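**Q** no sequence on this one, just coordinates:
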Ligand code: HEM
C-alpha cells in the first residue's frame, strides 16, 4: 500500500514537473490531449474496478453451471477421510 | 461478535458517484485556472485547462444521467430516497444537526441507521435533494450553454447575456465546491473515518449483528433487501 502510494506520488510529481517544463519550452498545446486521455483513463479505471465484483460473480455462476457437478463429486470422497 | 453485511449502494450508483466525484474535482481545479488565469498556472496552457474542463463536464453530465435513469426508471425510488418526509423536516433535521454539531463529539451514536430502504438521514436527504435536483442540473446547463453559445444565443440573451451566464455558472460552481468540502468532512464522521466511504466504494456496509436500528422510519421497518450475516449463509430478503 505504502509503495503504491509512493509510486503514485512520484508519478504525480513527474507529471507536474513535465507540464511546467513543456510550458517553459513552448510545447504547450501537446499536453492538452495527454491530460484528457489521463482523465478518461482514470474514469475507465473507476468503471472497470466497480464492475469487477459483478464480473467475478458472473464467472463464478457460469463456472458452477458448467463444472459445478464435477467439483461436488470430487469434494465428497475427500470429506469421508 | 458476528458481523452483518448490508448491500447499501448498487453498482450503477457507485459508478455514478465516483465518476461524478472525480469529474467535479477536476472541474473545480480546471475551473479555477480558467477563471483566474493570471494567478494560477496548474496546467501548461489555458487551452488545456478548457479542454479538460469541457471533457470533465461531459463525463459529469453523462454520469448524472446514469444516476437519474437508475433511480427514476430501474429502481423507481428517486423521490422515496431523496425527498425528506414531514417528520424529517419537523424533527429529524434538528436531531441530526444536534448529532453533527454536538453529540458526535460526546461519543453518542448516530440517530440515523442506514438501511437500503432509508439510506439517508434527514440532513443528507435535504442536501442531496438540493444538489442533485437543483445545483448539478443548473451548473451543467449553464456550462453547456457556455460551451456552445451560438445555437442557443436567444436563451443566453434571455438570461441576460454572456457575462451574467458566466457569473451564474461561477456562483453555482462555488456552491458545489462548498458542498464537496462539507460532504467529504461529514462522510468521515463514522466510527472510523472510512466507515461511510468504504460502502460507497464496495456497496456493502458492515455492522455488528447486535446493533439495533436507532431511528427507523417509514418503509425501513422492513428487513433490508439483502442482509447477510458474515458467519452464516442465510440471506434475509424483503418479503
Ligand atoms: C472525494 C469526494 C467524495 C467523497 C469522499 C464522497 C463520499 C460519499 C459517501 C461516503 C457517500 C455515502 C452516503 C453518505 O455518507 O453521505 C456519498 C453519497 C453521495 N454523494 Fe458523495 N462523495 C464525494 C463527492 C461527491 C460529489 C462531488 C457529489 C455531488 C456533486 C456527491 C454527491 C453524493 C450524493 C448525491 C450521494 C448519495 C448517493 C446515493 O444516492 O446513494 N459526492 N458520498
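**A** Okay, I see it. Keep in mind that this is a model prediction, so the values were computed, not measured.
**Q** surely residue B:88 touches residue B:120?
**A** No - counting by Cβ atoms under 8 Å, residue B:88 sits too far from residue B:120 to count as a contact (9.3 Å). C-beta: built from backbone N, CA, C; applies to glycine.
**Q** who's more crowded, those two?
**A** Between residue B:88 and residue B:120, counting by other Cβ atoms under 10 Å in any protein chain shown, residue B:88 is the more crowded of the two (21 against 18).
**Q** the more buried one: what secondary structure?
**A** Using DSSP: H, G, I helix; E, B strand; the rest coil, the structure places residue B:88 in helix.
**Q** how about the closest residue in space to it that isn't next to it in sequence, what does it touch?
**A** Excluding its sequence neighbours, the residue lying closest to residue B:88 (Cβ to Cβ, 6 or more residues apart in numbering or on different chains) is residue B:122, at 3.7 Å. By Cβ atoms under 8 Å, 6 or more residues apart in numbering or on different chains, the contact set of residue B:122 is B:84, B:88, B:89, B:92, B:93, B:95, B:96, B:112.
**Q** what about burial for those residues, which qualify?
**A** B:84, B:88, B:92, B:93, B:95, B:96, B:112 (16 or more other Cβ atoms under 10 Å in any protein chain shown).
**Q** same for the host helix or strand of residue A:56, what does it pack against?
**A** Using DSSP states H and E, residue A:56 sits in helix A:29-80. With contacts defined as 3 or more Cβ pairs under 8 Å, 6 or more residues apart in numbering or on different chains; DSSP states H and E, helix A:29-80 has these neighbours: helix A:2-25, helix B:11-35, helix B:46-69.
**Q** counting neighbours, what do you get for residue 45?
**A** Because you didn't say which chain, this covers chain A. Counted with other Cβ under 10 Å, residues neighbouring residue A:45 total 12.
**Q** to clarify, I was referring to chain B.
**A** Residue B:45, neighbours per other Cβ under 10 Å, totals 20.
**Q** model confidence for it, exactly?
**A** Reported pLDDT at residue B:45 in the predicted model: 86.
**Q** wait, it touches residue A:32, no?
**A** Yes - using Cβ under 8 Å, residue B:45 is in contact with residue A:32, at 6.9 Å.
**Q** against chain A, how distant is residue B:194?
**A** 13 Å (Cβ to the nearest Cβ, to the nearest Å).
**Q** now do that residue against residue B:70, distance only.
**A** 24 Å (Cβ to Cβ, to the nearest Å).
**Q** the two - which one has more neighbours?
**A** residue B:70 (19 against 13).
**Q** so who does that one touch?
**A** By Cβ under 8 Å, 6+ apart, the neighbours of residue B:70 are B:10, B:12, B:13, B:16.
**Q** neighbours around the closest residue to residue B:129 other than its chain neighbours, how many?
**A** Counting by Cβ to Cβ, 6+ apart, residue B:82 is the residue found nearest to residue B:129 once chain neighbours are left out, at 4.9 Å. By other Cβ under 10 Å, 20 other residues sit near residue B:82.
**Q** now do the contacts for residue B:82.
**A** B:71, B:120, B:125, B:128, B:129, B:132, B:133.
**Q** please report how far the residue in chain A positioned nearest to the ligand lies from residue B:20.
**A** Among residues of chain A, the one nearest the ligand by Cβ to the nearest ligand atom turns out to be residue A:46. It sits 11.7 Å away. Distance, residue A:46 to residue B:20, by Cβ to Cβ: 10 Å.
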